[in-house]
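Peer 1: Quick one: sequence plus predicted model below, questions after.
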Number of protein chains: 2
Amino acid sequence: MDRLIEAIDNAQNPSVVGLDPTPALVPPQVVASFADEVRDSVEDESEIPAAQLAVAYFEFNRTIIDAVADIVPAVKPQIAMYEAIGPAGVDVYTMTCEYAQQQGLYVLGDIKRGDIGSTAAAYAGHLSGVAAGTAGEDAQPFDPWHEDAVTVNPYLGTDGITPFVDAAVQSDKDIFVLVRTSNPSSKELQELDLANGGKLYERVADLVEGWGSGSIGDHGYSRVGAVVGATHPEEGAALRERMPHTFFLVPGYGAQGGTAAGVAGMFDADGSGAIVNSSRGIIGAWKKSGEYRDDMSADEALALVASAARRAASDMRDDLRVNVYR
Amino acid sequence: MDRLIEAIDNAQNPSVVGLDPTPALVPPQVVASFADEVRDSVEDESEIPAAQLAVAYFEFNRTIIDAVADIVPAVKPQIAMYEAIGPAGVDVYTMTCEYAQQQGLYVLGDIKRGDIGSTAAAYAGHLSGVAAGTAGEDAQPFDPWHEDAVTVNPYLGTDGITPFVDAAVQSDKDIFVLVRTSNPSSKELQELDLANGGKLYERVADLVEGWGSGSIGDHGYSRVGAVVGATHPEEGAALRERMPHTFFLVPGYGAQGGTAAGVAGMFDADGSGAIVNSSRGIIGAWKKSGEYRDDMSADEALALVASAARRAASDMRDDLRVNVYR
């Protein structure tokens, strides 16, 4: 987790921008501008909308990344948004990750994978890359995903997590395990009271702290982080005490209702220990700017996307600096 | 679930072949045979092993599908194995799904996705496809994934499941929610005793039965199935009683230790209610055939892959017919 913590310190900003494009979050003239370009690349007319969105998503993401790269330490692309348009979307996900890394950003792939041991080992290829094979044992593995960390689901237990931890250690990367998610229904399972005391998410929290115990870095945090939603301020503060070596990824700020005051308890006494995500609040800021017009050109719309995202990212940084970060 | 149940009845075979290729499961001469073909398609030497595996995986899968398509009703590609080699692998995953559907097979995409509501809605695009957009409201959505069902993780609760259920209903497809997985560590969370009685996986089971209550089909089973590992025969039999409208996907037969006798309790009184998966036992049968030789050509090796897979699939069918299926 050291690389992330140092990136946060360099930017003096414990926030991450969620790159979660949807058809509604990309200005329509940007999507429309790629209509001709994609027509030749598809096999069938029906593929055009997806192909057009894929190209538009990359252009949109690049615009956001360029606008915020000197403000934020990290981005968090949510792979679901890309899978929604098929394999062409997955390509754009990896292109986005690669471009963000090239701009010096730490890339947190929000993939929420999880499976039994042998299958988790395959998913851990997200971090470890593909062995160079015939190119010789000294050759670097090929890294098709360009992620610095991924999110992982704990429901399958330790043997589904260990392969990710091993891959993270080998490749100087990190994972974040779902502990307490930000959505309303998260309480249905995560808050269940256990017969031996405590709640399910607390048991998961203890497992996560244990999974990280072999990889504690220079800043006191392990390579196994936890996802703790901003929508649970009191539980988050209690988890901060309970998991002293576990860095938190905190989604749910802004559009989902989390506030800087609410996430304050998820930071440690030194103002470290957590990074707060905002997606729609930043990448969709152009929609609330009051400056958007239907008759804008694609370039004008992207310029507004950039300026609004930069303003929102800067506001979020300042909000967190005042309230939580020291 | 009606389409799957009818496919099982047509084949008189409640089994599904897991298409989970790994570098060790594809004969090396098959991988080597694509060395020249991929050289021109990559940007960098380091990409060659992944590109070669991707092409080899498709050839391998096509061979298996052709060998078993008249024996089994369904295949279950595990997307992790494809993600392990990057976006080129994801392309091969969708090509495999498409080819299997073209051969009349029901395709169960083992993707184990799960996220908060708005994100789950994006993942549900696996089932619903991409809206046709400007092509008009009557146009069919574009289906890039070619899956008839997907597996889903329940840790985020109802709002992470509902979008998948809605998509399944709209597109005449199904989902399978993880309840009791086949791996050793599954007990760490899934077997936790709850304060109000019962175990966590039983609570998940009750939720799953409820999530399916609005989509019960002609055969008495809903569109929301459950993943119940073959390695838990007694719990599986108890879950069969507890979840009368929930069809089971049963992994863990064969290589993981599950037997036909062990899965018998997961079937209902009519011999329906479950489909049993085998992956390595079928796609890796060539390795245990005693007929493989290092000096075989790629075509000879693929012919052995086919004959061994067909024999193993046929043996599994007969084993299940004798012991569980009526």
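Peer 2: The structure has been received and is ready for your questions.
Peer 1: can you give me how far the longest helix anywhere in chain A is from the chain middle?
Peer 2: The helix that spans the most residues within chain A, counting by DSSP state H, is helix A:298-323. Relative to its chain's centre, helix A:298-323 lies at 18 Å (C-alpha atoms, centre = their mean, to the nearest Å).
Peer 1: for it, packing partners?
Peer 2: On a contact count with 3 or more C-beta pairs under 8 Å, 6 or more residues apart in numbering or on different chains; DSSP states H and E, helix A:298-323 meets strand A:15-19, helix A:28-32, helix A:48-68, helix A:260-263, strand A:274-278, helix A:280-283. To be clear about C-beta, it is placed using only N, CA and C from the backbone, and glycine gets the same treatment.
Peer 1: For the very next helix or strand once past the longest one, C-alpha coordinates in CSV please.
Peer 2: It refers to helix A:48-68. Counting by DSSP states H and E, the next helix or strand C-terminal to helix A:48-68 is strand A:74-77. Presented in CSV, the C-alpha positions along strand A:74-77 are these (Å, rounded to 0.1, in the frame of the first residue of the first chain):
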residue,chain,number,x,y,z
ALA,A,74,-5.5,7.8,-8.2
VAL,A,75,-8.4,6.7,-10.4
LYS,A,76,-10.8,3.9,-10.0
PRO,A,77,-12.4,2.6,-13.2
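Peer 1: Contact residues of the stretch 201-326 of chain A facing chain B?
Peer 2: A:203-204, A:207 (C-beta under 8 Å from any C-beta of the partner chain).
Peer 1: which ones among those residues are found in helices?
Peer 2: A:203-204, A:207.
Peer 1: got any ranges where the stretch 51-200 of chain A has weak pLDDT?
Peer 2: A:133-138 (pLDDT under 70).
Peer 1: Which stretches in it count as strands?
Peer 2: A:74-77, A:106-113, A:149-152, A:174-180 (DSSP state E, counting those that start in this stretch).
Peer 1: For B:Ile79, which of those is the nearest?
Peer 2: Comparing the strands of the stretch 51-200 of chain A against B:Ile79 with C-beta to C-beta, the closest turns out to be strand A:106-113 (9.3 Å).
Peer 1: Dump the helices and strands packed on helix A:298-323 into TSV; add mean neighbour count and distance to B:Asp319 as well.
Peer 2: Formatted as TSV, the helices and strands packed on helix A:298-323 follow (neighbours: other C-beta atoms under 10 Å in any protein chain shown; distance: least, C-beta to C-beta, whole Å):
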stretch	mean neighbour count	distance to B:Asp319
strand A:15-19	28	48
helix A:28-32	17	53
helix A:48-68	23	42
helix A:260-263	21	55
strand A:274-278	29	49
helix A:280-283	25	52
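Peer 1: between those, which one is nearest to B:Tyr82?
Peer 2: The nearest among the helices and strands packed on helix A:298-323, by C-beta to C-beta, is helix A:48-68 at 18.6 Å.
Peer 1: Also compute the angle for the closest one relative to helix A:298-323, please.
Peer 2: Helix A:48-68 and helix A:298-323 are oriented at 50 degrees to each other (axes from the mean of the first three to the mean of the last three C-alpha atoms, to 10 degrees).
Peer 1: for helix A:48-68, the distance to its chain's centre please.
Peer 2: That offset, for helix A:48-68, works out to 17 Å (C-alpha atoms, centre = their mean).
Peer 1: So which other helices or strands are in contact with it?
Peer 2: Using 3+ C-beta pairs under 8 Å, 6+ apart: helix A:48-68 touches strand A:15-19, helix A:28-32, helix A:35-39, strand A:74-77, helix A:87-102, helix A:280-283, helix A:298-323.
Peer 1: residue in the stretch 101-250 of chain A nearest to chain B?
Peer 2: In the stretch 101-250 of chain A, the residue that lies nearest chain B is A:Pro144 (2.6 Å; C-beta to the nearest C-beta).
Peer 1: Quick check: that residue touching B:Ala88?
Peer 2: Yes: with contact defined as C-beta atoms under 8 Å, A:Pro144 counts as touching B:Ala88 (7.4 Å).
Peer 1: most centrally placed residue in chain A?
Peer 2: The residue lying closest to the centre of chain A (C-alpha atoms, centre = their mean) is A:Lys76, at 2.6 Å.
Peer 1: measure it to chain B for me?
Peer 2: Applying C-beta to the nearest C-beta, to the nearest Å, one obtains 12 Å for the distance of A:Lys76 from chain B.
Peer 1: which residues does A:Gln103 contact?
Peer 2: With contact set as C-beta atoms under 8 Å, 6 or more residues apart in numbering or on different chains, A:Gln103 has these partners: A:65-66, A:69.
Peer 1: closest to B:Ser222 among those?
Peer 2: A:Ile65 (43.2 Å).
Peer 1: so who does that closest one touch?
Peer 2: A:19, A:75, A:96, A:99-100, A:103, A:105.
Peer 1: Quickly check those residues for the two that are furthest apart.
Peer 2: A:Leu19 and A:Gln103, at 12.2 Å, using C-beta to C-beta across those.
Peer 1: Not including adjacent chain positions, what is the nearest residue to A:Gly236?
Peer 2: Distance criterion C-beta to C-beta, 6 or more residues apart in numbering or on different chains; nearest residue to A:Gly236, sequence neighbours excluded, is A:Met266 at 4.2 Å.
Peer 1: brain fart, A:Ala121
Peer 2: Computed as C-beta to C-beta, 6+ apart, the closest residue to A:Ala121 that is not its neighbour in sequence is A:Pro163, at 4.0 Å.
Peer 1: List the buried residues for stretch A:185-201?
Peer 2: By neighbour count with 16 or more other C-beta atoms under 10 Å in any protein chain shown, stretch A:185-201 contains the buried residues A:185-186, A:188-190, A:192, A:198-201.
Peer 1: Out of these, give me the two with the largest separation.
Peer 2: A:Ser185 and A:Gly198 (20.2 Å).
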